[in-house]
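*Asks:* How does the following fold in three dimensions:
(8 chains)
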8 protein chains.
Amino acid sequence: MGKPYVRLDKDNAAVLLVDHQTGLLSLVRDIDPDKFKNNVLALAALAKYFNLPTILTTSFEDGPNGPLVPELVDMFPNAPFIARPGQINAWDNEDFVKAVKATGKKQLIIAGVVTEVCVAFPTLSALAEDFDVFVITDASGTFNQMTRDAAWDRMSQAGAHLLTWFAAAGELHRDWRNDIDGLGALFGAHIPDYKNLITSYVKNTAK
Amino acid sequence: MGKPYVRLDKDNAAVLLVDHQTGLLSLVRDIDPDKFKNNVLALAALAKYFNLPTILTTSFEDGPNGPLVPELVDMFPNAPFIARPGQINAWDNEDFVKAVKATGKKQLIIAGVVTEVCVAFPTLSALAEDFDVFVITDASGTFNQMTRDAAWDRMSQAGAHLLTWFAAAGELHRDWRNDIDGLGALFGAHIPDYKNLITSYVKNTAK
Amino acid sequence: MGKPYVRLDKDNAAVLLVDHQTGLLSLVRDIDPDKFKNNVLALAALAKYFNLPTILTTSFEDGPNGPLVPELVDMFPNAPFIARPGQINAWDNEDFVKAVKATGKKQLIIAGVVTEVCVAFPTLSALAEDFDVFVITDASGTFNQMTRDAAWDRMSQAGAHLLTWFAAAGELHRDWRNDIDGLGALFGAHIPDYKNLITSYVKNTAK
Amino acid sequence: MGKPYVRLDKDNAAVLLVDHQTGLLSLVRDIDPDKFKNNVLALAALAKYFNLPTILTTSFEDGPNGPLVPELVDMFPNAPFIARPGQINAWDNEDFVKAVKATGKKQLIIAGVVTEVCVAFPTLSALAEDFDVFVITDASGTFNQMTRDAAWDRMSQAGAHLLTWFAAAGELHRDWRNDIDGLGALFGAHIPDYKNLITSYVKNTAK
Amino acid sequence: MGKPYVRLDKDNAAVLLVDHQTGLLSLVRDIDPDKFKNNVLALAALAKYFNLPTILTTSFEDGPNGPLVPELVDMFPNAPFIARPGQINAWDNEDFVKAVKATGKKQLIIAGVVTEVCVAFPTLSALAEDFDVFVITDASGTFNQMTRDAAWDRMSQAGAHLLTWFAAAGELHRDWRNDIDGLGALFGAHIPDYKNLITSYVKNTAK
Amino acid sequence: MGKPYVRLDKDNAAVLLVDHQTGLLSLVRDIDPDKFKNNVLALAALAKYFNLPTILTTSFEDGPNGPLVPELVDMFPNAPFIARPGQINAWDNEDFVKAVKATGKKQLIIAGVVTEVCVAFPTLSALAEDFDVFVITDASGTFNQMTRDAAWDRMSQAGAHLLTWFAAAGELHRDWRNDIDGLGALFGAHIPDYKNLITSYVKNTAK
Amino acid sequence: MGKPYVRLDKDNAAVLLVDHQTGLLSLVRDIDPDKFKNNVLALAALAKYFNLPTILTTSFEDGPNGPLVPELVDMFPNAPFIARPGQINAWDNEDFVKAVKATGKKQLIIAGVVTEVCVAFPTLSALAEDFDVFVITDASGTFNQMTRDAAWDRMSQAGAHLLTWFAAAGELHRDWRNDIDGLGALFGAHIPDYKNLITSYVKNTAK
Amino acid sequence: MGKPYVRLDKDNAAVLLVDHQTGLLSLVRDIDPDKFKNNVLALAALAKYFNLPTILTTSFEDGPNGPLVPELVDMFPNAPFIARPGQINAWDNEDFVKAVKATGKKQLIIAGVVTEVCVAFPTLSALAEDFDVFVITDASGTFNQMTRDAAWDRMSQAGAHLLTWFAAAGELHRDWRNDIDGLGALFGAHIPDYKNLITSYVKNTAK
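*Replies:* All right, here's what the predicted structure looks like:
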């Protein structure tokens, strides 16, 4: 009787990175900056690893909100990049929606800053058009936990799936045998504990 | 299959400020007093900025609950102000409901003290009459987080939308181009980090 | 589309106090003991104030679980008291269910120790028999917050209403004019901040 | 209108222990290691106590993930043990699903590491095949509370029941008279406060 | 080489209760109101139990700070009560210092609201006059934990002893045999867990 | 045997505001931005109220650190303002030290961003030159609480006094009778709870 | 200029276990019960491992405080066991002090329940007689963290060394080569993460 | 009268990195793994930036503790690396002490895993030999905050200076003019907020 299980499918998913801008990031306080940067880059790495079509967008990047963080610019030189002239909800921007629909995917993986606006608004709009929306909770940030809790409730109640980049990676990969080294390297690069496990393992089994 | 996306619409929304009284405010401990005052005034500023019809109400203001905080009195000198003689649920007061209905709006933005009573009761009543209710979570306060969690669950399960004043502002404004300076000023006045971004930006681009 | 608003009605509500026993209370660690004791006694006072039929029950009170706390014994000398010989879910005890049904009430206000067992089990059972169940979250306690969160989710998803004793009092009373002094005294006795407001008010208005 | 009450039934329940491996456990940081170990062993003890068919599975145990913790190996020498060659979702492994179905049970009690992957994926898959799934929240662990919160939301929204090992024990046992000493011993071994109650009780009643 | 051990001595100690006023109490947010009220009354009960000379003082009680809480007024009808006309540091008030010195005691047990002002200032002044000062940390309250931490550091570095009402009671009583029932009653009245232990004990040993 | 009591004396104290710059403020995460802004402005208001000589300084304000926040610029148009060309420790800047010594005061009240550098370094240097240093802990901010804790320990162990702006105000004012309305206004402007007390008081005593 | 480094020396240290009684343990809420039990047993195991003379004592074990936990009784069948007839400070009991002095050790390792009374009082008394006192902070428990913080401050300021059982074990052992397997087993039994490291290591190096 | 101000001096300081090993790191739970890794690498980068002699040491790296993390191995290929055969306190290893003394520095900057053992023991030993010891608190990790608090207290009371890598960098650099770009790059690489400030600044001033 609950929400049906919609499994992330690497052949049917696109990634939307919304407003990870140098100015807006100073507003994010529900998650530690070191961890947040790591999560956003892990999500970006995951998008590249699975060759998921990825769309970048920013809000007013010529004003105080600041430019997109350079790491994302560098990782996705050929991705559609919609610098919105004013629309707060990215879904209100025709170019953005066109870019999304041009991917032909029905599963949208989304993250951004700040959660209750830049993530929640396009999430709610996409759900209303019958996309399956997967919010990457730990690559989305906002002012404080109270704000996050309300935003998660609103998106979940509207039908979005809440999960982290690690869960998304697992669901997309399905089977380690598809590529052990590649996924292991991705995990090792973004999860210090996992890197430590690998380092210990390699050393000990070499004896 | 979830709740449909009801977007806040500045032409169809009214604001209800319930029982932000000087005595009752001493009961609020799930949010820091500095932050809470800031959030309530931000919501009020938002109501004025978007010219939303606003209704004030108090409970027993001649007793220990105390008068409405003077800042709200000053900001809304002409708003309907219903000093309820005894009804705990503002929706049980005919004048209040009449004032709400007189606005002709179907979207109700509500905040108050304390969350599980003064906000939750009219929220549940308004939902039962098919209004869309948007609870401004961070301009509503109560005894502790346990109480808040239960109140949010009850309201969300009954169909209310939970969001913060900042999310409401974004959803009402829709597009920065409608008025950059006005909204920027509102954000700058109530979000120190945003004010700092603006100050740095103005200085740096002036070089 | 959400849960309908079921308002507590003092003419249609009964109170179930489940397993507030001296031994079991040592297990409660999701809420401070001073505060928890205060909340349980406030709920009991509320039951008496509104003359709600109240049913007490205990689990194995001759063993390590210990006797019912003496304050509750003293407050409800004539209430049905079902010392369950073994049933963990009070609803599995025929005498308990008979006592509940004998009240003729359809709204059940329930609290107990521990939340996920002694409260959740009869809550789920009563919901299955179409009672409206109101869980008094802050007069129910358990091992830790993780346990509480899971228990609240299970009960809410099954249709229970989550609220605190203060919200219940407000919803039952409806209008301060029904009795200002009585409700004020009840609040003053269990909410130090409210008592302080009253004391200041009385002194200042006497000048 | 909510989820119906599905009661755990010891004649219709199986236990799935997923990926409690020595390496993966270093990733668990949403719950203290002492407490987590205790909870996992309590769940295992419960499975044995109620003679529930139990299935063990691991992911890549010859790599950095490490072997199953030896305590579980020792407790279930004859249980089906599926060392998955690569499937991240245990439900994608035919042997695992066969083992589950071979039990003939419709109620699945599941716990594992990490919650949002190793627990959530088979939970969602089993729900999609109309099993009743009971997630043992406190015997499942993951990176941090943010990750846990999203995982719980996803599973609960899909229809899973969230509860702790203690709640499961109570629901399976139903009535203390079925075996007081056995359940008391199980509780005493895993709940220090309960053990203390028993010790005090035995001493004091011996006087 | 550290601070010498100064043991509280019931024949050489006086109690100073500073500014527990109904208005000022609304400022206290580093400790829960239920717990704080309990601690203050426990300290007061301890003062009476050990017959310690007790001095009450208030700051501007005719203004917004409000009157002394009535419970303390009632418990100490004959104690010196210095309503300070303006001095923020009680030690700047001659009558207060005279009352302190009139007790002839060298050990001062002090608590009040708010910690960093009403407690810290007279503590520092009394230390400068070579009194031994024992700050009852949990019967003193202030705005938040950051403020408390600074206040504790300042007082401790200046030579004050930091302890709770329970530690003070234990140090004053020295030996249970001096009066088991009296101290047990005092503990039972203010520590719910201890009351539960006593209730269980009495019941179980009566068998 | 501890630190002697050095009382703040309004005739012998100067205020040093170090590096409250729009860029650096984005690093402050051990205290909420709303509260921090309020505390800094309260300290500034206090400096003006008591006519304390006040010195402003910034680090690299033409770079990413950003300019001094405009509120402080506006409040102290005639104060010495040392824009340090590079010295991290303000005390390494001759002009700054000259300005401090030119005040002729021996008590230095200091606050800044970030605590462990911009506050701690000049604090340690000034202590080494036998100034009495009073760190305003809640008008100083840094990356996280771990960093703060270490910084406080280092400063306190070196002889600094840790206190908040409210404690400083109380210690400087000494006696309410020196000016009730002025101090009350200062408190009311920066402590919402205090403002509420005043509002209630004025209304109630007017009856 | 600080406290000199007093190193724990297994030939010069005794262990004092004070009042770990089944009733008193219900008062401990500054540390999780699972973790606390583990720490106390780890300290006891350490005492046995290093053959440190160990002294047990209880307060009123025939009353509500309850008997010593049976695990400690079983581990130290021949240790001096002083059931104090009434002294709250164990050092006030002549037999206890005699037993301590009979060990001939000058380093006292102490832990107990509750920290601010049963640990702090004998700690302060022993320091006054020039013993070196090492408080095992994580095998001592009390009502809440506020109480703990005050107790730690009082003991540290008086000259006690604060450390955990793990630090004590490391300082006593000095060199792994003294016995790798023994200490490894002790750590593995009480630190789940360490046990996991060992299990992974043994498996991987066996390949 | 407090600790004198010992300023870090890049010509008189050496860095000791103790036991940052892949296995031991799984024990660190008082700080988030992402943040901890960042802090350790920032400290290492700082050591290289200021050309501080750096000494690496490990404990039992052929056993479960695991090898030194490869990032540190790579950064310091020529540094003295003492793989201790068994000594728990690195200062008990002659080669380590020789390496320290061979640097000719009197200021020791130390960090390691776990704080209360691998950091605290050599810190206390070095203090006893009159070195100035600066503990980098945020590049040192341990089991939980209770353990950390005790370790910090022990080290601070013995005379160590507690500070973070950022404070150390500021104190070593003294003046931005010594090298703006170098230090800016170091900060930008390890403090996401600072990197964002730089990125915004560069973009905005380029207009």
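
*Asks:* near chain G, which residues of chain A show up?
*Replies:* A:197, A:200-201, A:204-205, A:207 (Cβ under 8 Å from any Cβ of the partner chain). (Glycine included, C-beta is placed from N, CA and C.)

*Asks:* So which residues on chain A come close to chain B?
*Replies:* So chain A meets chain B at A:3, A:23, A:26-27, A:59-60, A:63-66, A:85-89, A:92, A:114, A:116-117, A:120-121, A:124-125, A:127-128, A:143, A:146-147, A:149-151, A:153-154, A:156-160 (Cβ under 8 Å from any Cβ).

*Asks:* could you pick out which of those are near chain D?
*Replies:* Answer for the residues of chain A next to chain B near chain D (Cβ under 8 Å from any Cβ): A:3, A:156.

*Asks:* before we move on, back to that, in strands, which of the residues of chain A next to chain G fall?
*Replies:* Judged by DSSP state E, the residues of chain A next to chain G include no members of strands.

*Asks:* For the residue of chain A found nearest chain G, give its distance to G:Ser200.
*Replies:* Distance from chain G to each residue of chain A (Cβ to the nearest Cβ) is smallest for A:Asn204, at 3.8 Å. A:Asn204 sits 8 Å away from G:Ser200 when distances are taken as Cβ to Cβ, to the nearest Å.

*Asks:* Same drill for those two, tell me which one is more crowded.
*Replies:* G:Ser200 (27 against 23; other Cβ atoms under 10 Å in any protein chain shown).

*Asks:* how about the strands in chain A?
*Replies:* Counting by DSSP E, the strands of chain A are A:13-18, A:54-59, A:81-84, A:107-112, A:132-136, A:161-163.

*Asks:* The first one pairs with which strands, parallel or anti?
*Replies:* Right, strand A:13-18. Strand A:13-18 has its sheet partners listed here by DSSP bridges as strand A:54-59 (parallel), strand A:107-112 (parallel).

*Asks:* per-residue confidence at A:Gln87?
*Replies:* pLDDT for A:Gln87: 97.

*Asks:* residues near it, how many?
*Replies:* Neighbour tally, A:Gln87, other Cβ under 10 Å: 21.

*Asks:* measure it to H:Ser200 for me?
*Replies:* Taken as Cβ to Cβ, the span from A:Gln87 to H:Ser200 is 22 Å.

*Asks:* picking that back up, dump the strands of chain A into CSV; add mean neighbour count as well.
*Replies:* Putting the strands of chain A into CSV (neighbours: other Cβ atoms under 10 Å in any protein chain shown) gives the following:
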stretch, mean neighbour count
strand A:13-18, 26
strand A:54-59, 25
strand A:81-84, 19
strand A:107-112, 26
strand A:132-136, 25
strand A:161-163, 26
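
*Asks:* what about those strands, which gets the closest to F:Gln107?
*Replies:* Taking Cβ to Cβ, strand A:54-59 is the member of those nearest to F:Gln107, at 48.1 Å.

*Asks:* which residues sit in contact with the residue nearest to A:Gly159 when sequence neighbours are not counted?
*Replies:* Excluding its sequence neighbours, the residue lying closest to A:Gly159 (Cβ to Cβ, 6 or more residues apart in numbering or on different chains) is B:Gly2, at 3.4 Å. Shown in contact with B:Gly2 (Cβ atoms under 8 Å, 6 or more residues apart in numbering or on different chains): A:3, A:127, A:156-160.

*Asks:* ok, back up a step: in helices, which of the residues of chain A next to chain B appear?
*Replies:* Counting by DSSP state H, these place A:120-121, A:124-125, A:127-128, A:146-147, A:149-151, A:153-154, A:156-157 in helices.

*Asks:* re the thing from before, need the strands paired with strand A:13-18 in JSON lines with distance to F:Trp176, can you?
*Replies:* Shown next, in JSON lines, are the strands paired with strand A:13-18 (distance: least, Cβ to Cβ, whole Å):
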{"stretch": "strand A:54-59", "distance to F:Trp176": "50"}
{"stretch": "strand A:107-112", "distance to F:Trp176": "51"}
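
*Asks:* okay if I get those as CSV plus mean pLDDT?
*Replies:* Formatted as CSV, the strands paired with strand A:13-18 follow (pLDDT from 0 to 100):
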stretch, mean pLDDT
strand A:54-59, 98
strand A:107-112, 98
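
*Asks:* what's the closest of the ones you listed to F:Asp175?
*Replies:* Once the strands paired with strand A:13-18 are compared by Cβ to Cβ, strand A:54-59 is nearest, at 53.7 Å.

*Asks:* residue contacts, the residue nearest the centre of chain A?
*Replies:* By Cα atoms, centre = their mean, chain A has its centre lying nearest to A:Ala111, at 3.7 Å. By Cβ under 8 Å, 6+ apart, A:Ala111 lies in contact with A:16-18, A:20, A:40, A:43, A:119, A:135-136, A:139-140, A:165.
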